[in-house]
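Asks: Below is the sequence, then the predicted model.
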Amino acid sequence: MTTSILILGGYGYAGRLLARHLLAESDAGLVLAGRNAEKAQSLTAQLNAEFAGDRVAGIRADAADSESLRRAFCGIDLVLVAATTVQHTERVARAALEAGIDYLDIQYSPKRVPVLQSLADEICRAGRCFITEAGFHPGLPAAMVRYVAPHFSHLDTAIVGSVLNPEGGLPSAESVDELIEAFKDYQGQVFKDGRWQTAGSFDVRAIDFGAEFGRRSCYSMFLEEMRSLPDTYPSLNTTGFYVAGFNWFVDYLLTPVIMLSLKLWPERAVRPMGRLLVWGTQKFASPPYGVLLKIEATGEKDGKPLKVEASAFHSDGYEFTAIPVVACLLQYLDGSIKRPGLWMMGHLVDPARLFGDMERMGITVATKVVH
Ligand SMILES: NC(=O)c1ccc[n+]([C@@H]2O[C@H](COP(=O)([O-])OP(=O)(O)OC[C@H]3O[C@@H](n4cnc5c(N)ncnc54)[C@H](OP(=O)(O)O)[C@@H]3O)[C@@H](O)[C@H]2O)c1
């Protein structure tokens with residue numbers, strides 16, 4: 001029997017790419033959902049014309065309305081949350097539990113993690129598989145550490161950095177509000193000298209992103225998926241996730257303005273600052289474009305020092321989000337990671353298979369081992 005996946009936010013920037021890759025890579029049936037039935041049905045018609053088998057349907061569903069979710073989840077096996085609905089996380093998760101379906105979210109905001117963690121026992125008892133922190137970031141950084149770790153008998157440091165420079169800048173999507181909210185809740189602690197730095201601290205480090213992107217100054221960004229890595233790899237002394245800035249205007253002029261505005265008007269400033277950020281990334285965008293994620297790991301293999309660098313690149317940031325999620329879902333769909341509980345994508349997936357599938361789907365993956 002084929003799996004039926006409802007994509008909440010199915011006609012958004014991320015949702016529509018998830019739909020395309022799922023149709024190309026699996027035999028799953030899809031339901032595209034959001035608050036606008038017309039948009040859902042218009043994309044449904046396009047996709048059914050492009051992919052054989054009439055595998056897509058489009059419906060109206062509102063994450064703010066439990067009854068609407070109950071109706072939408074009828075006959076579904078998994079809800080894929082690609083909607084800007086972090087504030088409705090508990091409602092969506094509870095509706096999924098009541099309907100007896102699995103769950104995967106790709107949202108950027110860390111706010112939903114404690115909400116889902118508070119439901120972890122219920123999820124386990126219900127025998128459901130809930131996957132959170134899926135996508136590029138969150139999603140790939142922990143997977144990348146696990147991807148290179150087998151090269152080492154003793155993993156000492158694992159630094160993951162990313163550059164995001166979309167051609168034409170960020171699109172004016174609702175999800176930009178989530179990025180602005182993230183400025184408010186910014187956490188930058190890293191794991192250094194064998195312990196997590198205190199919340200509120202941050203780190204700046206230069207990372208060499210190779211011939212095209214060059215050496216960039218990067219700021220640390222705490223991701224929940226990185227927290228347990230030192231438990232998984234007890235030899236790990238230093239790890240963290242870092243991001244490079246967008247461009248000189250956004251980094252040096254706009255960011256302080258955004259920070260100050262959010263301090264003065266925490267709620268009212270979100271929308272206008274989001275618009276300003278989009279404008280700044282569009283107006284001052286300059287090549288090279290694309291998204292690059294890179295890990296630099298050091299340690300030992302059989303008593304000898306070893307350094308491993310791996311990178312993943314795509315010219316389009318949304319492709320770089322959708323492809324890892326679909327690569328993860330391929331492991332879910334064949335049952336290999338479909339286990340009861342609440343999981344983070346980066347911890348649950350088989351990383352070698354994930355990066356292999358991502359490469360097949362259009363992401364450039366490279367690994368360099370230096371003995
Ligand atoms: N993990 C990662 O690497 C990564 C990368 C990029 C994006 N993301 C996340 O992906 C999500 C989507 O981003 P995006 O850029 O694709 O956003 P977007 O283009 O603005 O799309 C948002 C979608 O959510 C739907 N939506 C909003 N409110 C809803 C509600 N109450 N009920 C049902 N649907 C609702 C919208 O449709 P209607 O407004 O018509 O309802 C739209 O289809 C965001 O949470 C973002 O943080 C994650």
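Replies: Here it is on my side, so go on.
Asks: is any part of stretch 108-126 close to the ligand?
Replies: Yes - using C-beta under 6 Å from any ligand atom, stretch 108-126 reaches the ligand at Y108. All C-beta atoms are positioned from the backbone trio N, CA, C, and that covers glycine.
Asks: Quick one: end-to-end distance for that stretch.
Replies: Start-to-end span of stretch 108-126 (C-alpha to C-alpha, to the nearest Å) is 26 Å.
Asks: residues of it that come out buried?
Replies: Judged by neighbour count using 16 or more other C-beta atoms under 10 Å, the buried positions of stretch 108-126 are 108-110, 112-113, 115-116, 119, 123, 126.
Asks: Just give the nearest non-adjacent residue to S315, would you?
Replies: Beyond its immediate neighbours in the sequence, the residue positioned closest to S315 (C-beta to C-beta, 6 or more residues apart in numbering) is G290, lying 4.4 Å away.
Asks: partner residues bridging that neighbour?
Replies: As for beta bridges, G290 partners with N165 under DSSP bridges.
Asks: Based on its surroundings, how many neighbours for it?
Replies: 20 (other C-beta atoms under 10 Å).
Asks: which residues touch it?
Replies: Counting by C-beta atoms under 8 Å, 6 or more residues apart in numbering, G290 touches 163, 165-167, 313-317.
Asks: Which of those sits closest to I337?
Replies: Of all the contacts of G290, H314 has the smallest distance to I337: 23.0 Å, by C-beta to C-beta.
Asks: Tell me the pLDDT of the closest one.
Replies: H314 carries a pLDDT value of 98.
Asks: Could you do E178 as well?
Replies: pLDDT, read off for E178, is 89.
Asks: next one: the one 4 residues further on
Replies: For A182, the pLDDT comes out at 86.
Asks: Quick check: it vs the ligand, distance?
Replies: Between A182 and the ligand the distance is 9 Å, computed by C-beta to the nearest ligand atom, to the nearest Å.
Asks: Just give me how far the strand or helix carrying that residue sits from the chain centre.
Replies: Using DSSP states H and E, A182 maps to helix 176-184. Here helix 176-184 shows a centroid-to-chain-centroid distance of 15 Å under the convention C-alpha atoms, centre = their mean, to the nearest Å.
Asks: quick one: secondary structure of the one residue in the stretch 251-371 of the chain that gets nearest to the ligand?
Replies: Closest to the ligand within the stretch 251-371 of the chain is T321: 3.8 Å, counting by C-beta to the nearest ligand atom. When classified by DSSP: H, G, I helix; E, B strand; the rest coil, T321 comes out as helix.
Asks: Compute the number of surrounding residues for it.
Replies: Neighbours around T321, by other C-beta under 10 Å: 25.
Asks: on contacts alone, who are the packing partners of whatever helix or strand T255 lives in?
Replies: Here T255 sits within helix 255-264, counting by DSSP H and E. If contacts are counted by 3 or more C-beta pairs under 8 Å, 6 or more residues apart in numbering; DSSP states H and E, helix 255-264 sits against helix 176-184, helix 270-283.
Asks: Mean neighbour count for these - can I get that in CSV?
Replies: Formatted as CSV, the helices and strands packed on helix 255-264 follow (neighbours: other C-beta atoms under 10 Å):
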stretch, mean neighbour count
helix 176-184, 17
helix 270-283, 18
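Asks: okay if I get those helices as TSV plus distance to R71?
Replies: TSV is the format used below for the helices and strands packed on helix 255-264 (distance: least, C-beta to C-beta, whole Å):
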stretch	distance to R71
helix 176-184	26
helix 270-283	31
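Asks: picking up where we left off before, export the contacts of G290 to JSON lines and tack on neighbour count, secondary structure and distance to the ligand?
Replies: JSON lines is the format used below for the contacts of G290 (neighbours: other C-beta atoms under 10 Å; DSSP: H, G, I helix; E, B strand; the rest coil; distance: C-beta to the nearest ligand atom, whole Å):
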{"residue": "V163", "neighbour count": "25", "secondary structure": "strand", "distance to the ligand": "14"}
{"residue": "N165", "neighbour count": "21", "secondary structure": "strand", "distance to the ligand": "14"}
{"residue": "P166", "neighbour count": "19", "secondary structure": "coil", "distance to the ligand": "11"}
{"residue": "E167", "neighbour count": "13", "secondary structure": "coil", "distance to the ligand": "16"}
{"residue": "F313", "neighbour count": "19", "secondary structure": "strand", "distance to the ligand": "15"}
{"residue": "H314", "neighbour count": "22", "secondary structure": "strand", "distance to the ligand": "12"}
{"residue": "S315", "neighbour count": "15", "secondary structure": "coil", "distance to the ligand": "15"}
{"residue": "D316", "neighbour count": "16", "secondary structure": "coil", "distance to the ligand": "11"}
{"residue": "G317", "neighbour count": "20", "secondary structure": "helix", "distance to the ligand": "7"}
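Asks: Return the nearest residue of the stretch 101-250 of the chain with respect to the ligand.
Replies: Nearest residue of the stretch 101-250 of the chain to the ligand, counting by C-beta to the nearest ligand atom: G135, 2.2 Å away.
Asks: That residue and S109 touch, don't they?
Replies: No - in this structure G135 lies outside contact range of S109 using C-beta atoms under 8 Å: 11.8 Å.
Asks: What is the neighbour count of S286?
Replies: 9.
Asks: no no, E359
Replies: Neighbours of E359 (other C-beta under 10 Å): 15.
Asks: Could you give the average pLDDT over the helix or strand harbouring it?
Replies: For E359, the host element (DSSP H and E) is helix 351-360. For helix 351-360, mean pLDDT is 98.
Asks: Over to stretch 212-223?
Replies: Taken as a whole, stretch 212-223 carries a mean pLDDT of 96.
Asks: re the thing from before, hmm, who's touching the helix holding A182?
Replies: Residues contacting helix 176-184 (C-beta under 8 Å, 6+ apart): 84, 86, 107-111, 170, 255, 258-259, 262, 266, 269-271, 273-275, 277-278.
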